[in-house]
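**Student:** Quick one: sequence and predicted model below, then my questions.
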Amino acid sequence: MRLVTSIVRWIVLGCAVLLTVWAFGRVGYRELSRVFSGGAGDSIELVVMHWSGGGGQQEDQIVEDTLSAFEREHPGIVVRRINPGDSGQYFTKLQTMMAAGEPPDVFYMDFERIPTFASAGQLAPLDEAIAVEEYFTPAVDAFRFDGTRQGRGTLYGIPKDFTTVGFYYNASLFRRAGVPLPEDDWTWDDFITAARRIAELGDGVRGAEIVTWPWIVRALLWTEGVDILDAEGELDLSDPRIASTLERLRAWRFDEENTLLGAEAEGLDPSSLFLTGRLGMVGPFGRWVVPSFRSIPPVDEGGFDWNFAPLPRGSEQANVIATVAWGMSPTSPHPEAAQRLLAWLVGRETQESQSRLGLAIPTLRSVAYSDAFIDAEVAPSNDRAYLDAVEHARVAVWPTDPEFSTQFGRWMDLTLRTGRDLDSSLSGFGGWWRDKQASPLANRDFPAMPWSIIVIISVVLLFVLGFFAVAVARGGRLSTARRAEERAGYLLAMPWLIGLVLLLAGPIVLSFLLSMTRWNGLGPLGTAEYVGFANYHRIFVEDTTFRESLRVTAYYVLLAVPLGQAFALGAALLLNARLRGVEFFRAAWYLPSVLAGVGMSVLFLWVFKSDGGLLNTLLDPVLGLFGLEPPEWFNRDARLFGVPAFALMNLWLIGGSMMIYLAGLRNIPEELNEAASIDGARAWRRFRSVTLPMLGPIVLFNGIMALIGSFQVFTQAFIMTSGGPGDDTRFYVLYLYNKAFDFYDMGYASALAWILLVVVLLLTGLVLRTSGRFVHYEGLRQ
Amino acid sequence: MANVQLQQVGKTYDGGVRAVETMDLSIADGEFLVLVGPSGCGKSTTLRMIAGLEEVTDGTISIDGRVVNDVHPSERDIAMVFQNYALYPHMTVAGNLSFGLERRRRHPSRLRGLFDAGYRSARREELRSIRERVEKAARMLGIEALLGRHPRELSGGQRQRVALGRALVRDPKAFLFDEPLSNLDAKLRVEMRTELRILHRQLGATMIYVTHDQEEAMTLGDRLVVMHDGIVQQVDTPDRVYREPANRFVASFVGTPTMNFFEGSVDSAARFQVAGLSLSLPAAHRSTPAGPCTIGVRPDALELVSDSENAIPCSIETIEFLGDRIDLILNSDVGRLVCRTAPRSGLAEGDAVLLRPTEAGVHLFEPGPDGARRSKS
C-alpha cells in the first residue's frame, strides 16, 4: 500500500514538473525565436495598435482589411494588430507599453495628448516622412508641437480622419412644429427658437441636447468670439462674454422646461436618444454618429428624416476640429518599414475605402471632395457642410498640462450639469490653475532619481536581511529531523515567497519610492525626478480635488458599510430558515456578486436614470404624495444623492458577506437559542442577546473587509459617472487613476496610493482596537 | 411547583417519522421523574415537547392544569438544563444566571425612570432582588467565586453548576434536564448525581430528567419512564423496574452487567429445556404454560455450586476484578453468561464451574426480543 502511494506521489510530482517545464519552455522558445528571427531579417514584424470607439466592429474591420492589403503589397513584413477596446483602455495599454520600453511601431494618437507624448520623446517626428500639402491644414496642424505650444512646430502625427461638428436634427419634428429647417449659416437664436417650438409639441418630445465636453464648450465660446485662452495660450477668463455665453447655456438647460435635455450627464449616449425620434436636435457631434444614425428607418417605415447642420453662429462663425492621427514610435526597430506602413494607412486608397463606409471624413482634400465622401443618396445629404466648416474651424489646443482640459470640464460641469452658480465655477477653475502653476512641482527642476544608489542599498539590505533570517533559523536548537522538516517547509514555501518579494513587495516598495518623484509613467524609470515630499505637500496643502475625493469616499464608506452589512445579515437571517427551496434563494442572492463589474454598472445607469429610470419611475408616485420629486441621482442632485446611489447599488453585491454570515449563523448552537427562549427571550431579544454577540467576530471581519473594499470603489464610478458631475462622485481610487493614466503624473498617483494605504490601515487599526468591547470570541473557542 | 400532565401525547416529524407513540403520563408536584432509554427512543423529544421546543402533534400537555400546547417556551415557566450546558459564552456567570430574570422584569425601562421616581425606585428594588437571587443560587451551588468569569474559564463541572444555577435562580414550576451529566467524567458524574438528589430534596421541585444511563436513572428518579422506539415500556419506581421489569427490553436495559437470557421452552413437567439442559423452574413459576419462552437471570442471581443438580456447566473465560466483587464471564452450552459474585480464591480462567440460578432470581418472558414478562403465580 505504501509502495502504491509513493509511486502515485512520484507520478504526480513528475507530471507537475513536466508541465511546468513545458509551459516555461514554450513561452521562452516563442519569445527567443521572435528576437532571433527579428534580428536575422528574413521577415520584419511591425506592431500596430488602435482602438475602436464609436466605429466599433466596423472600425476594427477597416483596420484589419487595410493591414492585410499592406501585407499583400509588402511581402516580408508581418503586421501584428492590437486593439485593446475603447480609447480609455487604449491609452492605459499604450502608456504601460511605453513605460516598459516596448511601444507599438505605429499607433493611433489623439491630438490632445500630443504635448505629453511628444515631450516624453515617445513620438517620432514625421515632417520628412510624408508630404502633407494634400491634407486639410487645420487637421495636420493639430499634430504639431514646438515644445511649448501645440499647433506649430514639428509634426508628430498624420491625421487619418477628422470631423467638424454641428447639430443633427430631426427634420420630421421640425416640420411638425412648423419650424424652418436649419441653413448652413443659422444662428443660436434660430437654434433655441427651434428647440423651444419643438419642445412645445409635448408628448415627451424634447427640443435639443447640447453636450458639454470641454472642447465643445470652447467651440461654443468661439462662436461668440471669445476663448478661455489668450493668444499666448495663457488662461484668461476676464472677458464678460465668456460668462454670458455659458450663463445662456445654463439658463437654457435649467430655467426652461424640456428645451434642453441634459441627459448626457447620466452616462447615456445622447445620440441614442436621438434615435428614438423624440429629440429635435442633438450635438454638437462630428461625423462619428453617422453610422448609427443611418439605422434610422425612412418616414414611410415609421422612422424620420434627419440631416446635419454645422455649428450655429453667434457673433462669429466658428467650428472645431476633432481628429485622430497615426503616429510612430521613435524607437521602432524598423523605422523604414514603419514609415511605409504609416504612409499606407493615411494614403489615398485607404482613405477612399474608409470614407465609403461613412464613418469618417477623409483628411486628403481630394478624397474628401470626391464622390467617395460626398453622396447625396444617403443621409445626411448635407455632406458638404462638414467640409465647408473647415474654413473657419480650428483645433482646441490646450496648455501642455493634460489635467487642464479635464479640470475645465469638471468645473464647467458644476454649472452646466448641476446648475450651480457660474461665477464660482469660473473663479474656482481659475484659482485651481493659478495654484497648480505656482506649485514647485510645476516649474522647478529636480534632480534625477538616484536609482543606482537605491538599487545598491536594496541589494545590501536584502543580503543583510537574508543573513539575519538564516542566522535566526540556525540559532534554535533543533534536532536533525526537525531541522530537515523545517528546511523542507521553507523549500515548499519558497515559490510563494519569491512571488511575494518580486511581484508584491517589490512593486509596493517601488511605488513608495515613486511617490517621491515626478514621473509621467511614459518613459523609462530613469526619467523620474526626485522631488522629496513635494507630492505629499501638494496633496495635503493645495489639492482640493484630493479633499473632495476623500469626502466622497468617506461619505460612501459611512453609508455603504453599515447599510451593506445590515442587509447582508438580514438576508442571511432570512435564508437561514430551513425551508424547502431556500437553496434557490441562496444562489439567487449570491449570483449578483459573481456578475459584478462593467455590465452591472451599465445596468444600474438605467436604474438610476433621472428621467424614466427604473427607480425614479417607482419613486415618483410615492414621493408625489408628499409633493416631492425623485432626485436626479447623477445630475443636478449628485452632490447629495450621487454617493447614496452607489451605496444602494452596493446592496446588489452583498452575496459574499451574506454567505459568511450564513456560515456564522450555522455555527451558533441551536441550544443557545432554545435556552434563551426558555429564559424568556422572544425573537428580537434572542437576536440581540444571542445571535448578534455570537456573530461578533464575523461582523467584525465582514465590516473590515467592507471598509477596505469601500475605500477602493472604482469600476462603478469609472463606468457610470467618470467622477462627475464636477467631483461629486470622484471616488479616491478614481482620482488616483485619473492622475496616473489621464494626467500622466505617476509619482503623484503613487503618493495618493500610499496615503490611501495609511488611511485604511489607521481606520482598520482603530476598528480592531475598539472592537474588544463588543466583539466576543468566546463563541469561536467553545 | 406544579404537576405536569401528558394526555395522549404523540409526535410525528414533518417527514412522517413517528418519534413518540401516543403516551399518557402524570408527573406529580415535587416528583423527580426520569425518562430513560437508549438513544433515539423519544425521551428527549418528549422532554422538548414539555419545554415547548418541539411542537406537539397529538394530545395535550398541561402544566398545573393549564394546557400549554400553543404556549411559547418563555411563557411556560419552566427551566431547562441542556447536555452541552448552553451557557451564553459572551456573558459572565452572573450574566448567565440573571439573563432569565432580566427578561422577566416588570420595570425594565430606563427612560421612564427619568420621569417617574416611583418607577425608578421600583426598578432599583427589582435589580437588587435579581442580584440577591443570583447570589443565593450561586451560594447553593458553591459558585459564588465564579460569578465574574466567562464560561470558557470554567471546568466542565463548574459549567454544569452554572447551567443548574441558571435554572435554579428562576424558581420555575418545573425543571427539565436533558442529559445534563453526560459530558462530565465518571467521578464528577457520580458526585453531581448526589448533589442533584440533595437539591431536589431541598427544593421539593418537580423535575423531569432525561438520560440514557440506567444507573443514573435508578439513582435519581422517584419514578422511571423506560422508553424504547418511541414507546413507553414501563413507568414505575426504580426498585420495581429492576425487580419486575415489564418486558425483556426493560430487563436487559436496566441493571449492570446485563441480565443473562436463555431462550428455550417449558415442557409439560414445568421444566425448562435449553441446549440439552433441563432446568426445573422455581416454585413460583411452576404453573407457567408450556411452550417456548425466555428465562432471564441477573448476574448476581447466579450461584457457583458444586453439585450439578439444576446447574449449568460452564468454563470461565475471564475474570473481572471489581474490588468488593468479581464478574465472571463464562462460556456454556446456553451461550455466554455473566456471573457476579464475591471474590474468592481458587478461581482461574479456563476452570470448569457449575452455575445455578437462585429461586427468586428467575424471570420468565414471552419469547422474542421484546417479550412481556410472565407474572409469577
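**Tutor:** Yes, it's here. Numbers count the residues shown, from 1 in each chain, chains lettered A, B, ... in the order given.

**Student:** and whichever residue of the stretch 201-350 of chain B sits closest to chain A, how far is that from residue A:205?
**Tutor:** Of all residues in the stretch 201-350 of chain B, the one sitting closest to chain A is residue B:208 (13.2 Å; CB to the nearest CB). Where C-beta positions appear, they are placed from N, C-alpha and C, glycine not excepted. According to CB to CB, to the nearest Å, residue B:208 stands 80 Å off from residue A:205.

**Student:** Would you mind splitting chain B into its domains for me?
**Tutor:** Domains of chain B are assigned by automatic domain parsing as B:4-246, B:249-374.

**Student:** List the beta-bridge partners for the nearest residue in space to residue A:118 that is not next to it in sequence.
**Tutor:** Nearest residue to residue A:118 in three dimensions, chain neighbours excluded: residue A:145, at 4.7 Å (CB to CB, 6 or more residues apart in numbering or on different chains). Note on residue A:145: beta-bridge partners residue A:150, residue A:154, judged by DSSP bridges.

**Student:** What is the neighbour count of residue A:145?
**Tutor:** Residue A:145 has 26 neighbours, counted by other CB atoms under 10 Å in any protein chain shown.

**Student:** list the contacts for it?
**Tutor:** Counting by CB atoms under 8 Å, 6 or more residues apart in numbering or on different chains, residue A:145 makes contact with A:114, A:115, A:118, A:119, A:151, A:152, A:153, A:154, A:156.

**Student:** 7 Å - rerun?
**Tutor:** By CB atoms under 7 Å, 6 or more residues apart in numbering or on different chains, the residues touching residue A:145 are A:114, A:115, A:118, A:153, A:154, A:156.

**Student:** now do residue A:182
**Tutor:** Applying CB under 7 Å, 6+ apart, one finds that residue A:182 lies in contact with A:169, A:190, A:309.

**Student:** sorry, back to before: now do the residue nearest to residue A:118 against chain B, distance only.
**Tutor:** As judged by CB to the nearest CB, to the nearest Å, residue A:145 and chain B stand 69 Å apart.

**Student:** ok so, going back, separate out the buried members of the contacts of residue A:145.
**Tutor:** Buried members of those, scored by 16 or more other CB atoms under 10 Å in any protein chain shown, are A:114, A:115, A:118, A:153, A:154, A:156.

**Student:** Go through the residues you listed and say which is closest to chain B.
**Tutor:** Of all those, residue A:115 has the smallest distance to chain B: 63.3 Å, by CB to the nearest CB.

**Student:** so what's the closest one closest to, chain neighbours aside?
**Tutor:** Of all residues not flanking residue A:115 in the chain, residue A:400 sits nearest, at 3.9 Å (CB to CB, 6+ apart).

**Student:** For residue A:731, see how far away the residue of the stretch 101-250 of chain B found nearest chain A is.
**Tutor:** Proximity of the stretch 101-250 of chain B to chain A (CB to the nearest CB) peaks at residue B:103, 3.4 Å away. From residue B:103 across to residue A:731, the span is 46 Å (CB to CB).

**Student:** who's more crowded, those two?
**Tutor:** residue A:731 (27 against 17).

**Student:** Please enumerate the helices of chain B.
**Tutor:** Taking DSSP state H to define them, one finds helices in chain B at B:43-51, B:93-103, B:110-115, B:117-141, B:156-168, B:186-203, B:214-220, B:238-243, B:248-253.

**Student:** What are the buried residues along the fourth one?
**Tutor:** Yep, that's helix B:117-141 we're talking about. Residues of helix B:117-141 classed as buried by neighbour count (16+ other CB under 10 Å): B:119, B:123, B:126, B:130, B:133, B:134, B:137, B:138, B:140, B:141.

**Student:** Distance from it to the middle of the chain?
**Tutor:** Taking CA atoms, centre = their mean, to the nearest Å, one finds helix B:117-141 lying 35 Å from the centre of the chain it belongs to.

**Student:** rewinding a little: tell me the two of the buried ones among the contacts of residue A:145 that are most distant?
**Tutor:** Across those, the longest distance by CB to CB is 11.6 Å; it joins A:115 and A:154.

**Student:** on that earlier part again, how about the residue of the stretch 101-250 of chain B closest to chain A: what's its closest non-neighbour residue?
**Tutor:** residue A:680 (3.4 Å).

**Student:** And for residue A:162?
**Tutor:** Nearest residue to residue A:162, sequence neighbours excluded (CB to CB, 6+ apart): residue A:323, at 3.7 Å.
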